[in-house]
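Enquirer: Quick one: sequence plus predicted model below, questions after.
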Amino acid sequence: MLPRVEQVRIDLPNPSRVARERAQRLLERALGPSKVLIAPGEIEAFATDDSNCHGQTPDAVVFAETAADVQATLAVAERTGVPLTPRGAGTGRTGGATTLAGGIVLSLTNMNRIVDIDRQEGIALVEPGVVLADLQRAVELEGWFYPPDPNSAAHCVLGGNVAENAAGPRALKYGPTRDYVLGLDACLMGGQRLGMGRRTKKGVTGYDVTSLVVGSEGTLAVVDRITLRLLPKPEQVITLSAYFQHFEQAAALIAELLAEGVPLSTAEFMDDVTLGVMREAGTPCPAAAKAMLILEVDGHEATCERGALQIQAACERLQALELLVAQGANQRAKLWDARKQMSYAVRRLARHKLSEDVVVPRTALGRLLSGVRELGQRHRVQTLSYGHAGDGNLHVNFLWNEDSEKPRVNAAIDELFRLTIALGGTLSGEHGIGALKAGYLPLEQSPELIALQRDIKRVFDPSGLLNPGKIFPAGHRAC
């Protein structure tokens, strides 16, 4: 069984005190003291993100406001040999923004301008600190639509979305963040700034470096401006909720609807424990329900109406307990709010919680759910599952109260990952590898492929100073 990061801290070489103090002085000189935080009582919060991965207290936190600030910070880090961790809103779940080697945290949340929304071309130009929900509202006022919708949309920022290749419920129809990033302006360690990509819908000039940086988890470059592709806003959206006695019925419904070509934009799954959390939060659910699906179709009015009728007919064939259609925007918002708040509501069930993001082929979803139930019973660990069943992306949550339970939790997580790979799946659909899953990468990828990626990392960051300890912890050097 491989160790988990929240159980065994990753120790990376730290720069000397002289180097750290020199970096602090150079940062204040280059940026001004107002943009550099070094007070011991105020920087501890930047050592971790929304995961159980614990970092070392950083030596300084920089609040960049311009691309020049980003360049200057990366130049100081390279010059002094001090590691640097880029940071958005800190909503990541795999430790991607944790400071495993201390050093400098480069916060991008103050770079939060929507620079331009081009209504003619359907393009948005944004800075990395723009909150996703703010962009979505802004483009919809202009008649456009930005589909990626992680459940942290009200808090997460676009720089973090790009770093993690964030997705969300609508990825079933629309795909993840990478599908909407046309171009990036980004800085390498040392401060070199590169413009990559384009503003046009098509383009095949050279290697697709833009797509390489998207999803690289802040280990290759720091993005300071993003060019995004927009879509026309859908004419109509219909949201339905279906309840079942058995999770196998829910899995069968999704398979049947997709086989029939029903234009689902989302298909969200919740198991019986998750439904219990929803009931406690005040969301009514049938007492006999052991599984729930939130289904959505969008597009032209006729297409949506036809899709809703197909869903109704399939639910009747599979003997759903109940099928409800959200009446109006308020009911839709209430239903989705219950789903979006699920991760936070689940935290009330136990003192500790870990959410693992895995993906299997849709045809294997039922076997994954059965396997999760079995491994939870075998290791005596409470589990619950919910997520984006339409594309096989499940969030499996492990809950425990006492430290003495952690070996059983780690054993259950290890088995989950091995089961996922055995079913033809992948270790992460949208949360990334970060620090928490780095030790499991060899389960999915060959030594040759991992070595090639390490070589790419060295081209971008020869000194190994940028977000060290992520994805390939043993291959990074922090000083």
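Expert: Here it is on my side, so go on.
Enquirer: ok, so what distance separates Ala411 from Glu301?
Expert: Ala411 is 51 Å from Glu301, where distance means CB to CB, to the nearest Å. Using the backbone N, CA and C atoms, a C-beta is placed for each residue, glycine as well.
Enquirer: These two: which has the busier surroundings?
Expert: More crowded of Ala411 and Glu301, by other CB atoms under 10 Å: Ala411, with 15 against 11.
Enquirer: Tell me the buried residues in stretch 108-120?
Expert: By neighbour count on 16 or more other CB atoms under 10 Å, the buried set for stretch 108-120 is Leu108, Thr109, Met111, Asn112, Ile117.
Enquirer: Same question for stretch 187-194.
Expert: Cys187, Leu188, Met189, Gly190, Gly191, Arg193.
Enquirer: Backbone dihedrals for the last one, please?
Expert: Right, Arg193. The phi/psi pair for Arg193 (degrees, to the nearest 10) reads phi -110, psi 130.
Enquirer: Which residues does it form beta bridges with?
Expert: Cys187 (DSSP bridges).
Enquirer: mind checking how far it is from Ala72?
Expert: 11 Å.
Enquirer: Can you give me the domain boundaries for the protein?
Expert: 17-110+455-475, 114-232, 236-343, 350-431 (automatic domain parsing).
Enquirer: what's the closest of these to Glu444?
Expert: Set against Glu444 and scored by CB to CB, these come closest in domain 350-431, at 5.4 Å.
Enquirer: mean confidence for that closest one?
Expert: Averaged across domain 350-431, the pLDDT comes to 95.
Enquirer: contacting residues around the spatially most central residue of the chain?
Expert: By CA atoms, centre = their mean, the chain has its centre lying nearest to His431, at 3.5 Å. Counting by CB atoms under 8 Å, 6 or more residues apart in numbering, His431 touches Gly92, Arg93, Thr94, Glu164, Ser355, Asp357.
Enquirer: of these, closest to Gly183?
Expert: Checking these one by one against Gly183 (CB to CB), the nearest turns out to be Glu164, at 18.4 Å.
Enquirer: Just the pLDDT at Pro147, thanks.
Expert: The model's pLDDT for Pro147 equals 98.
Enquirer: Run a quick neighbour tally on it.
Expert: Neighbour tally, Pro147, other CB under 10 Å: 23.
Enquirer: Name the SS class of the closest residue to Arg347 other than its chain neighbours, please.
Expert: Leaving out its chain neighbours, the residue that sits closest to Arg347 by CB to CB, 6 or more residues apart in numbering is Lys353, at 5.3 Å. Following DSSP: H, G, I helix; E, B strand; the rest coil, Lys353 is assigned to strand.
Enquirer: Please look at Lys353 and Phe398 and confirm they touch.
Expert: Yes - the pair Lys353 and Phe398 qualifies as a contact (CB atoms under 8 Å) at a distance of 7.2 Å.
Enquirer: between these two, which one's more packed in?
Expert: Neighbours were counted for Lys353 and for Phe398 using other CB under 10 Å; Phe398 has more, 26 against 18.
Enquirer: For the more buried one, give me its contacts.
Expert: Lys353, Leu354, Ser355, Glu356, Val381, Gln382, Thr383, Val409, Ala412, Ile413.
Enquirer: Tell me how far it lies from Leu293.
Expert: From Phe398 to Leu293 the distance is 23 Å (CB to CB).
Enquirer: how about the helices in the stretch 1-150 of the chain?
Expert: 17-31, 40-43, 67-80, 132-141 (DSSP state H, counting those that start in this stretch).
Enquirer: Tabulate the ones you listed in a markdown table, adding columns for distance to Lys457 and mean pLDDT.
Expert: Formatted as a markdown table, the helices of the stretch 1-150 of the chain follow (distance: least, CB to CB, whole Å; pLDDT from 0 to 100):
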| stretch | distance to Lys457 | mean pLDDT |
| --- | --- | --- |
| helix 17-31 | 22 | 97 |
| helix 40-43 | 27 | 92 |
| helix 67-80 | 15 | 98 |
| helix 132-141 | 27 | 98 |
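Enquirer: among those helices, which is nearest Gln377?
Expert: The nearest among the helices of the stretch 1-150 of the chain, by CB to CB, is helix 132-141 at 37.6 Å.
Enquirer: then that closest one to PDB, C-alphas only?
Expert: The C-alpha atoms that make up helix 132-141 are tabulated as PDB, following Å, rounded to 0.1, in the frame of the first residue of the first chain:
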ATOM      1  CA  LEU A 132     -15.700  31.800 -12.500                       C
ATOM      2  CA  ALA A 133     -19.300  32.700 -11.600                       C
ATOM      3  CA  ASP A 134     -18.600  36.300 -12.200                       C
ATOM      4  CA  LEU A 135     -17.400  35.500 -15.800                       C
ATOM      5  CA  GLN A 136     -20.400  33.300 -16.400                       C
ATOM      6  CA  ARG A 137     -22.800  36.100 -15.400                       C
ATOM      7  CA  ALA A 138     -21.000  38.700 -17.400                       C
ATOM      8  CA  VAL A 139     -21.000  36.700 -20.700                       C
ATOM      9  CA  GLU A 140     -24.600  35.600 -20.300                       C
ATOM     10  CA  LEU A 141     -25.600  39.300 -20.100                       C
END
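Enquirer: Closest one of the buried residues of stretch 108-120 to Gln245?
Expert: Thr109 (45.5 Å).
Enquirer: And the buried residues of stretch 187-194, which is closest to Ile43?
Expert: Met189 (21.4 Å).
Enquirer: which secondary element of the chain has the worst mean pLDDT?
Expert: In the chain, the helix or strand scored least confidently by mean pLDDT, DSSP states H and E is helix 342-346, which has a mean of 78.
Enquirer: List the buried residues in it.
Expert: Met342, Ser343, Val346.
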